[in-house]
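# Here you go, sequence then predicted model.
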Amino acid sequence: MTAPYLTAALYKFVDLHDHADWREPLIERCREHQVKGTLLLAPEGINGTIAGPEAGVQAVLAWLRRDARLADLEHKASWSDHPPFHRLKVRLKREIVTLRVPGLRPQEHAGHYVKPEDWNALIAQPDVLLIDTRNDYEVKIGSFDGAINPGIGAFTDLPGWLARQPALQGATKPRVAMFCTGGIRCEKSTALLRMQGFEEVYHLEGGILKYLEQVPESESRWQGECFVFDERVSVGHGLRPGAHALCRSCRWPLSQADRASPLFQEGVSCPHCHAQRDDGDRERLAERQRQVVLARERGVAHIGADAMPPANSATSAISEGGERAGQGKPDATQAQGAQSQPRSASGSATR
């Protein structure tokens, strides 16, 4: 039997100059059909993740696709037994995934798509420079064998990193392959290189998630797990849930070793944020965790479990935006797409 809640993660780069006019009607349609989640609207397109009863989600998608510009809007579907979102957010943004490069048009200049089944052959070629466009905390969980980690803390740091790489600055432009979680960040990063005169720029169609879904583990060049912006936290081959969990205090992905640390206290702190918590923080967070446990025992949702961490937390300065926006440290409040994304299963924007 299919789980009752459908989650749809979506994004599309398209000229949406009238995006502000979409907000109120879109909110009305979502409320009408009991659909919640986060959607980002910008002049460059739409990005987000919504969830609700199947008929309701399909109705909202059909309403979006009624516009010729979104007629071919694709979405990634997943199912859950519990509602992934407690709220609906439809936000107007400058970009659906923030990079802050004026004049960039991914809908026209994105690199060449490479299907998952063809990716291994491409990245095995010695003259291809393989770049992971994700944030450092994502890369540390897993990446492709031989990929370069830019070590960035936010997607907006990528242009500066690219500009500092000697291999990318010569008169002869190398072949470059880029990848990200769900594909949206690579639409922009490859468009940036194309705008700078690179011709042979490639990106993984459907992102890491599509690769892990379609490529057999025995043939895979992926190592480790893939961070996802939902309650699964990480996934492996076949999109099976991984071994990581989320710190409910700072939203950092925690390995089994992190959770075995004496600095880890569920809902209060972990090795990544323990030093940033004072006694007042710990007391408040411990009380919040107690309420979360009580709510769970009663079988009711505790929205406070998804509350933002304290102002001095590692994730407090996250910019909102797409993939779910690919900005800053992990936080479930950003829109997967909308890849900066959810606190609950599949509750995120597309990345």
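That came in fine, so what should we check first?

# for the residue nearest to residue 267 when sequence neighbours are not counted, what are its contacts?
Take residue 267 and drop its neighbours on the chain: the residue closest to it by Cβ to Cβ, 6 or more residues apart in numbering is residue 289, 2.9 Å away. C-beta coordinates here come from the backbone N, C-alpha and C atoms, glycine included. By Cβ atoms under 8 Å, 6 or more residues apart in numbering, residue 289 lies in contact with 248, 266, 267, 268.

# Take those residues and lay them out in JSON lines including neighbour count, distance to residue 254 and pLDDT.
Listed next are the contacts of residue 289 as JSON lines, based on neighbours: other Cβ atoms under 10 Å; distance: Cβ to Cβ, whole Å; pLDDT from 0 to 100:
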{"residue": "248", "neighbour count": "22", "distance to residue 254": "10", "pLDDT": "89"}
{"residue": "266", "neighbour count": "16", "distance to residue 254": "10", "pLDDT": "95"}
{"residue": "267", "neighbour count": "18", "distance to residue 254": "12", "pLDDT": "94"}
{"residue": "268", "neighbour count": "22", "distance to residue 254": "13", "pLDDT": "96"}
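
# Tell me the strands beside the lowest-mean-pLDDT helix or strand in the chain, with direction?
Using mean pLDDT, DSSP states H and E, the weakest-scoring helix or strand in the chain turns out to be strand 75-80, at a mean of 84. The pairing partners recorded for strand 75-80 under DSSP bridges are strand 5-13 (antiparallel).

# what mean pLDDT would you report for the strand it pairs with?
Strand 5-13 shows a mean pLDDT of 91 in the predicted model.

# Next secondary structure element downstream of that strand?
Per DSSP states H and E, strand 5-13 leads on to helix 19-32 as the next helix or strand towards the C-terminus.

# about what we covered before: out of the contacts of residue 289, who's nearest residue 39?
residue 248 (24.9 Å; Cβ to Cβ).

# In the stretch 101-250 of the chain, mark out all the strands, start to finish.
112-114, 128-132, 142-144, 175-179, 201-204, 222-224, 226-227, 234-235, 245-246 (DSSP state E, counting those that start in this stretch).

# can you redo the ones you listed as JSON lines with mean pLDDT and mean neighbour count?
JSON lines is the format used below for these (pLDDT from 0 to 100; neighbours: other Cβ atoms under 10 Å):
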{"stretch": "strand 112-114", "mean pLDDT": "97", "mean neighbour count": "16"}
{"stretch": "strand 128-132", "mean pLDDT": "98", "mean neighbour count": "20"}
{"stretch": "strand 142-144", "mean pLDDT": "98", "mean neighbour count": "21"}
{"stretch": "strand 175-179", "mean pLDDT": "98", "mean neighbour count": "23"}
{"stretch": "strand 201-204", "mean pLDDT": "97", "mean neighbour count": "25"}
{"stretch": "strand 222-224", "mean pLDDT": "97", "mean neighbour count": "16"}
{"stretch": "strand 226-227", "mean pLDDT": "95", "mean neighbour count": "25"}
{"stretch": "strand 234-235", "mean pLDDT": "90", "mean neighbour count": "22"}
{"stretch": "strand 245-246", "mean pLDDT": "91", "mean neighbour count": "21"}
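
# Identify each buried residue in stretch 210-222, please.
For stretch 210-222, burial by neighbour count (16 or more other Cβ atoms under 10 Å) applies to 210, 211, 212, 215, 220, 221, 222.

# among those, which two are most distant?
Taking Cβ to Cβ as the measure, these have their most distant pair in 210 and 221, spaced 14.4 Å apart.

# re earlier: reformat the buried residues of stretch 210-222 as JSON lines; add distance to residue 42.
Shown next, in JSON lines, are these (distance: Cβ to Cβ, whole Å):
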{"residue": "210", "distance to residue 42": "24"}
{"residue": "211", "distance to residue 42": "27"}
{"residue": "212", "distance to residue 42": "29"}
{"residue": "215", "distance to residue 42": "32"}
{"residue": "220", "distance to residue 42": "34"}
{"residue": "221", "distance to residue 42": "34"}
{"residue": "222", "distance to residue 42": "31"}
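
# Quick check: the nearest residue to residue 115 once chain neighbours are set aside vs residue 99, distance?
Excluding the flanking residues, the one nearest residue 115 by Cβ to Cβ, 6+ apart is residue 205, at 5.3 Å. Distance, residue 205 to residue 99, using Cβ to Cβ, to the nearest Å: 20 Å.

# Which one of those two is surrounded by more residues?
Counting neighbours by other Cβ atoms under 10 Å for residue 205 and for residue 99 shows that residue 99 has the greater number, 24 against 17.
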